[in-house]
Structure formats: structure tokens, C-alpha cells
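[1] This is the structure alone, sequence omitted:
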């Protein structure tokens, strides 16, 4: 944050622009085959093969509690970042636009009103002309601590809405 | 200095752990054999070394505590104190505290601990303070002949300068004494010629030297001051004394001898042992990485084999065959490198057994056999906890109190035996005791009471079937819940853990004679043969050692028993579950199902799958941290075509409810 200019990778999710420090991004690639993992946390799409390494893939829409896209228009782009343990993790986003630089003077601190569970994932808000770009710390987004908190909230939400979802619970005895 | 400390930190931690291990082992021995002088000496040496090295690293807290411990050992050595069990308890407490401190250090925690409470405890035990500081003789005591021989040697060197006798004293607690000595010798060689060293140079070079003082006879054109300056440049030198060789001779009253009549060696022969190092240390992570790479290689090899057969590339065959052979050789070698003797964890048990026995007021003779048996590191990491559970059980539930044992004609001291042995591709670990044994009648009563079995069931169950009930969750036969065991979680956990490793647990027991628990474990976990199956368009792998056979089931054969479906397989009931349902998919509607029969105690069960793909070798990779906790998934593998496939752990996959349901129809 010391230097005036910062390079960010610009991507979008549900019509909103996000940016993440270019240093956090290992690569951007197409989503390959994803193997679903039963009983995995809801925001984990599954695992995939990244050149011989099996990495988890997180759906950022699910992680942020945005409704899923319909099956036909599922995103094909993921950003590969490193988590706290230096292991690669894939993050599915709607689209990746470009690498651009934002200057410090165009960046503002997160408004205090934005204090959700994930507010420490948001580094600030940058302006580009009319557009606003939410600057994210992707490493924090995928960190276990933050994700678990979200999961807990999600569980609360689903358990209260349980009766309306007739989905089979995996723990039930099968016949 | 601080940089140097950083550099030595790893060595210090390693050494401290070794010394603490020695102290632990020796204390146990000492308790059995209070008069064993050798053991006392060994403990004393270990404590002394630890004191020295911690002082050198500036850990005054450790230094102070070990110093006190050293005092105790010294008193024991001198016969002023007796190693009573109470005293040994305190000493163990110290060892525990030190171990904790060292572990903290390893994790980067540098904060000093307050050990004063332990120091006080020890002080109250020490009956007499030992007298310290006996001044030692500095220069080596050389006999007249030796001096004469030296003089001849010096004279033969002619006019290369004047000869000095240099006595160097290193700091008592200097860690690498021979390294320091060697540095001094090298430094002196730059200003003159080394005539002789005491002890010999070779000894110092080999690192076999660990005294604080040593002597060098050096011939140089420089004066005393220069020598002193050179020596003092090396750190950790506490004192240097320099004497002209002639003066030394005169003092000792030796007469100068005639050089012409003596045959002399012109140069002291320096022999250096250059024989190669036999072992090297490798970091665990690097070994894991190597294992992973070999795994990759095998995956690629399978892919190559597939391509060559798909495209009928016969010319590739010879090369592929040799790649095939080489990769399996490489694989075997890596697996061998990863093997570690079970002693690594077995050695921790004597201490734990002692503490448990003492706490429970029981007398136990603990025997370990087969320490040298080797097993893959990943297996070893996992079996410590289950084994501790079993040992606790043996002491708490097995071995009777000494008075009771005597009454029934057993020796008051019970025996607990921990054995490891290799059998083909498996290792067997047994925990055996000569205690009370498991009483099937008692288990039956308890099971009825808890509603685990029905009256009707209890009548037809064999003794062995009753004994096996203790593997059920929430089953504990101990009359009272104790601190060490009997919380009703033990055997269930042991079984789950061992099964997740692809192993099995067996219990044999005879009332009044004792109990024997046998764990059968695979030697390695990393690469296994597996059957690939398909469910809802996803491929999964099930390790072959879990599978008894592959069968087809007609829909009409499926019968309901309570809330479980089952079939009659050659006269036996086989509970059957739909893998689709377990994994959260919709049922498949068909007239005939494919199923795999999973072997599991107490009875096998079937898993209905969509289709069977085939059998192949797979490389087990661990899942990402965020997915590790999921029960029933043992890991993940990559197939030849790059597809990522989950490896199922069937025994834990079906979940508690289904396990209980199986047990309900077991009669």
C-alpha cells in the first residue's frame, strides 16, 4: 500500500466489479473437470487436477451467498490463488476482465457501514470513472477462519428453512 | 553471536530431545534397578550435557533446572540419596516441563519459563549439597619418555623457530569442542608448525574429543603474544597458557638429549578418515515430495501404457516395459526409505505405562518386543493414540490390583506386553496382558441393560460375539469411570482409526487369564490396488483390501429386515446399502444391481453401485485441509487420463446410524 500505484486483476461477479492484488494471483485458467466431494462445505465446488496437484475449487458466488447461475451459463473461469499454507486453491468467478493499475488516490477505505462477517476481506473501494471496484484480499476470503464463519451462518439459515427443502439427508438410512 | 545461536538452534533442539529421551529411559531403568551405577552415570552425563548446551544457547531457565537435576543425580551417584518413586516422579515432572519447553522452542516460542517451583521441589529433596569446583590440572601429564621423544622431534625440525607449549582452555559449556579445537589448530598452522597435539589431531578431527582443555606443541617464529592473539580470536576460549618448550623440559627435569643418536620421524603423521558418511538426514517434507513425484510418475506411466495400447504403438513396447520396471523399482525404494522402526513410538510407552500404573496403584512389568520392525511413516503417525488406549485398558481393566492378584495366586506384578511383528504385507501389533480378561457374561448383562442387544439375541450369541460388542460406541465394562479409561469411547475409537488405515482389530480373551488385542496394519498407505466404481456419472475408488467380492443382485432378492435391506448371500445375511443414497443422489431404478461386498467386522455389507469400472493401482493423495474432516473419504487420486477420483473408506462412509442398524440384525 506504500506505493502509489497498485496492479490489480479485475473480475466480475453478479454484475459487480472486484479487484485483487496481482501478487495474490498465481494464474487464471479455464475451469476443468471438477470432481464433487460429498459432504463438503457448501461453497466448495469440488476438487480438480491442476497439473498433477489436486486442488479444491471454491465457487465465489456461493461463498458470498449470491444465487447460483443456471446450469447452462455456468462460469468457465477460475483464478488460482495460494492459501495461507501456500497451497493452490481455485476460485470460480463470472469473468476476468483485465489487469489494471489503481492509484492510491482513487482508493477509499471501506465504509464503516459495510461490517459483515467478511468485511476484513475487503481492503477498500477503488474508482474507475463511473465504476466502483471492490478490492478484495482473496487469501482472506478463502481462509478457513472466515469461510467457517460463513458456513455457520449458512447452516443457521438452512436449518431454519429446513422444512421447505425436501432434499434427502445423506445420514438417513437407505433401503 | 545471535546469528550463530540461530544457526545452532536446530542442533540444540535435536540434542536436547535426545538427552531428554536418554534421561527418561534411564530413569525408568533406575527405578527398576536403583543400584545400577552405569545408568546413574548415563543420566548424569545427559543432564550435564543438557545443562551445558542450554547455557551456551542462553536459556538460563533450562540451565538452572538441569543444573538442579544434575545435583540430584550426583547425590544418587554418590549414594547420598535413594531414587525413591516420589523422587522419580519429581524428576519426570522436570523432564515433562523441559520437553514442553523444547517443543515450544521448536515452534519458535522463545519465552523463558518459570521453573522455580520445580527447582524448589528438587531442593527440598536434596539431602546434601555436593562440593563443587575441584581444580583440574591444566597441562597434560607427560611421562619422561614422552617428553624425550618430543624433544627429539622438536630438535629434528631444526631452526624453524622457537617451540611453545600452548595450553588452551575452552568454556566448560562450549557445544562443539572438537570444532573449536580444530579451528584453533588451523589458526596456529598459519603462523607456525604444529609439532604435536594432545589429544591427537585425528581424534579432534573425528569429533571424538570433548574435553575443555587441550595442548598443542607449536614451532613458530612469532612470540608468545602472537600465539595468544591467534588463539583468542577463536570464540569460546576461556584461557590460554603459553610456555617455552625448553622451560617445560627444564621444569620436569629432563636433560637435553643428543639428537644424532636418535632416529626420528620428521613429521607427525596425520591420518584422516575420509570414509564416506553412511547416513544422511532428510527433511520429512522432502521425502513426502519425493513420494508424490514417484506417484506422479506412476500415474503418467499408466497413461502411457494406455495410449500405447489405444493406438497400438507396438514399437514403444520395449521402452514402456523398462519404464514400467524402473518405476516400480523406484517406488519400492521410496517406500523403503519411508519406513521407520516402530520403536519411535514404542519408546514413549514405558514412561506412560509407569505413570498410569502408579496412578492406579498397580504393579506392571512392561515388555516391548519387535521395536525394530519397520512401518511406513504415515501409518506410524496414526497408531500412537490407539495403542495408548489399548495399553491404558490393559492396565486399568486388565491387570488386577496387587493384593487381588496375590489372593488368586498370580504374581503381584502384572505383565503387559507390546509386540510388533511383520507378516507378509502386514504388520501385527499386539497388546497382551495377564489380567482379569473380558467376561462375556458381564458384557452380556451390560449390553442388555443398555439395550444394545435383545434378550433373544443374547441367548444365541457366542462368547466371541459378546466380546466383540465392546467395539460398539458407548460401551464400557468398567464398573466405575476412572481418569485413565472407562469413558466408554475407547475401543470404538481404536477400531475406527485402525480401519481408516485399512487395518483390522481382533480381541482374544479368557476370563482370569488375560486379554490380547491384535492390530493388523498394512505396511504402507501411499499406493494401493483399488476397484474403480461409478455412481451418478462420478468415478470413485475403493481400496481392494476392503473388498471381498463383486456381486450382482436382482431386485427381487432384496429383502427388508427392519429398516435395512439385505440379501441372502450363500446362506449368510448381507446388509446392502445404496451408495447413491449415501452420497446424496437419487436412487437408480433397475432390475439388477452391481454391488461390492465390503469386509468388515462383525459382518460384511454390500454397497450397490451403478457400475464397476475395473481394478488398478492408485496413488493415494491427501485431500486439502478444508476437506480432510469428511468421514468416509480416505483421500483422492488422479487416474491416467487426469481425472480426479475420490477414494472411499467404506467402513466409515456408511455412518453411525447404518452401523447400528447392521448390528441390530446381527443375531
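    Received the coordinates, thanks. Quick caveat: nothing in here was measured; it's all calculated off a predicted structure.
[2] Can you show me the helices along chain A?
    Using DSSP state H, the helices of chain A run over A:60-63, A:138-142, A:144-160.
[3] residues in the stretch 201-350 of chain B within reach of chain A, list them.
    Contact residues, the stretch 201-350 of chain B versus chain A (CB under 8 Å from any CB of the partner chain): B:296, B:299. C-beta: built from backbone N, CA, C; applies to glycine.
[4] Okay, helices next: where are they in the stretch 201-350 of chain B?
    Using DSSP state H, counting those that start in this stretch, the helices found in the stretch 201-350 of chain B span residues B:201-205, B:224-233, B:245-252, B:284-310, B:317-337, B:343-346, B:349-360.
[5] Pipe those helices into TSV and attach mean neighbour count, mean pLDDT and distance to residue B:633 per row.
    Formatted as TSV, the helices of the stretch 201-350 of chain B follow (neighbours: other CB atoms under 10 Å in any protein chain shown; pLDDT from 0 to 100; distance: least, CB to CB, whole Å):
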stretch	mean neighbour count	mean pLDDT	distance to residue B:633
helix B:201-205	18	71	55
helix B:224-233	16	81	62
helix B:245-252	15	69	77
helix B:284-310	15	81	18
helix B:317-337	13	84	23
helix B:343-346	18	88	26
helix B:349-360	18	88	31
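[6] Now the ones you listed in CSV, please, with extra columns for distance to residue B:167.
    Output for the helices of the stretch 201-350 of chain B, formatted as CSV (distance: least, CB to CB, whole Å):
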stretch, distance to residue B:167
helix B:201-205, 15
helix B:224-233, 10
helix B:245-252, 10
helix B:284-310, 45
helix B:317-337, 47
helix B:343-346, 44
helix B:349-360, 44
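[7] what about the ones you listed, which gets the closest to residue A:84?
    helix B:284-310 (16.6 Å; CB to CB).
[8] picking that back up, among the helices of chain A, show the one with the smallest mean pLDDT.
    Note on those: helix A:144-160 shows the lowest mean pLDDT, a mean of 64.
[9] thinking residue B:475 is in contact with residue B:450, fair?
    Yes - applying CB atoms under 8 Å as the test, residue B:475 and residue B:450 come out as touching, 7.4 Å apart.
[10] Give me the more crowded residue out of the two.
    Neighbour count, other CB atoms under 10 Å in any protein chain shown: between residue B:475 and residue B:450, residue B:475 has more, with 18 against 14.
[11] got the contact list for that one?
    B:446, B:447, B:450, B:452, B:469, B:488, B:491, B:492 (CB atoms under 8 Å, 6 or more residues apart in numbering or on different chains).
[12] quick one: the last one from residue B:509, how far?
    Here residue B:492 is placed at a distance of 17 Å from residue B:509 (CB to CB, to the nearest Å).
[13] Have a look at the two and say which one is more surrounded.
    residue B:509 (22 against 18).
[14] Tell me what that one is bridged to.
    Counting by DSSP bridges, residue B:509 is bridged to residue B:515.
[15] and it, what does it touch?
    B:437, B:438, B:467, B:515, B:516.
[16] Tabulate those in a markdown table, adding columns for pLDDT and neighbour count.
    Formatted as a markdown table, the contacts of residue B:509 follow (pLDDT from 0 to 100; neighbours: other CB atoms under 10 Å in any protein chain shown):
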| residue | pLDDT | neighbour count |
| --- | --- | --- |
| B:437 | 87 | 19 |
| B:438 | 86 | 22 |
| B:467 | 85 | 20 |
| B:515 | 91 | 23 |
| B:516 | 93 | 19 |
